[in-house]
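A.B. asks: build me a model from this:
(one chain, ligands or ions: 1)
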Amino acid sequence: MKNKIIAIDGYASTGKSTLSKKLAKYLDYIYIDTGFMYRAITYYALKKNLFIQTNINCSKIENLLNNSSFSVSKKYNSLLFNKKLLGDEVRTIIISEKVSKIAMLKKVRDYMVIQQRALASKENSVVEGRDIGTIVFPDATKKFFLTADQSVRAKRRYKELIINDPDVSYEQILKNVIKRDHEDSNRKLSPLKRAKGSIEIDTTKLTIDQAFDLIISNL
Ligand code: C5P
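C.D. replies: The predicted structure is shown next:
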């Protein structure tokens, strides 16, 4: 029997992660946060100085990919990178400002799709990202597409980030949200767009519980 896949795509900070995590728990599915995967590679690319101003050292990125693995931790309802649990270090504004550049690379995207399909081949999964319903799992059991006003999304992200980074500003986050939306939606490979047959949910005026109820009622 084929595994069930719930694809949750959408713009940055629309509530995808919180809702996907909650849904995976509720359904007892595994949770695959594909944004985390791009962030983890970006985190290590920065650590290894693979960004030279705006350029990326592509052969070294390939090397990094060859030495990377992702696995599922049901205990933490999270992915592990090389068996390690990564937390807030991959969610900083610095990573958010670089991740779309890494996510544009063909080698990186090809690698991610293979990993994501392998992870979801084992169990029923809630898979969250930008290209899940369009490219990674076009035959997903259910597809959702989340949107929300940019200023509301930036406010939500600001509230999260200010806890660990008192230097971060709302304006910086709004700028990043706008830039990421643009780069993710306009890249040549697997651009962010609403998948055919997906259910669109605008979370601008919804609480997490209201958005969650909407998802459940559409399953
Ligand atoms: O969802 P999150 O904000 O963590 O994603 C970080 C970035 O990773 C996105 O802005 C996008 O550039 C990239 N991404 C992607 N495809 C996915 C998931 C994330 O290109 N499936």
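A.B. asks: the longest helix anywhere in the chain packs against which elements?
C.D. replies: In the chain, taking DSSP state H as the definition, the longest helix is helix 170-186. Contacts defined by 3 or more C-beta pairs under 8 Å, 6 or more residues apart in numbering; DSSP states H and E place helix 170-186 against helix 93-103, helix 150-161. Quick note: C-beta positions are derived from backbone N, CA and C, even for glycine.
A.B. asks: using PDB, write out every CA atom in the last one.
C.D. replies: Once non-C-alpha atoms are left out, helix 150-161 reads as follows in PDB (Å, rounded to 0.1, in the frame of the first residue of the first chain):
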ATOM      1  CA  GLN A 150       3.700  40.100   4.200                       C
ATOM      2  CA  SER A 151       3.500  42.500   7.100                       C
ATOM      3  CA  VAL A 152       1.700  40.000   9.300                       C
ATOM      4  CA  ARG A 153       4.200  37.300   8.400                       C
ATOM      5  CA  ALA A 154       7.100  39.600   9.200                       C
ATOM      6  CA  LYS A 155       5.500  40.400  12.600                       C
ATOM      7  CA  ARG A 156       5.200  36.700  13.400                       C
ATOM      8  CA  ARG A 157       8.800  36.000  12.500                       C
ATOM      9  CA  TYR A 158      10.000  39.100  14.400                       C
ATOM     10  CA  LYS A 159       8.300  37.800  17.600                       C
ATOM     11  CA  GLU A 160      10.100  34.500  17.300                       C
ATOM     12  CA  LEU A 161      13.500  35.800  16.400                       C
END
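A.B. asks: now do it: everything it contacts.
C.D. replies: 11-15, 91-93, 168-170, 173-174, 177-178, 181, 204 (C-beta atoms under 8 Å, 6 or more residues apart in numbering).
A.B. asks: which of these are buried? Put it as a PyMOL command.
C.D. replies: Buried residues within these, by 16 or more other C-beta atoms under 10 Å, are selected in PyMOL with:
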select buried, resi 11+12+13+14+15+91+92+93+168+173+174+177+181
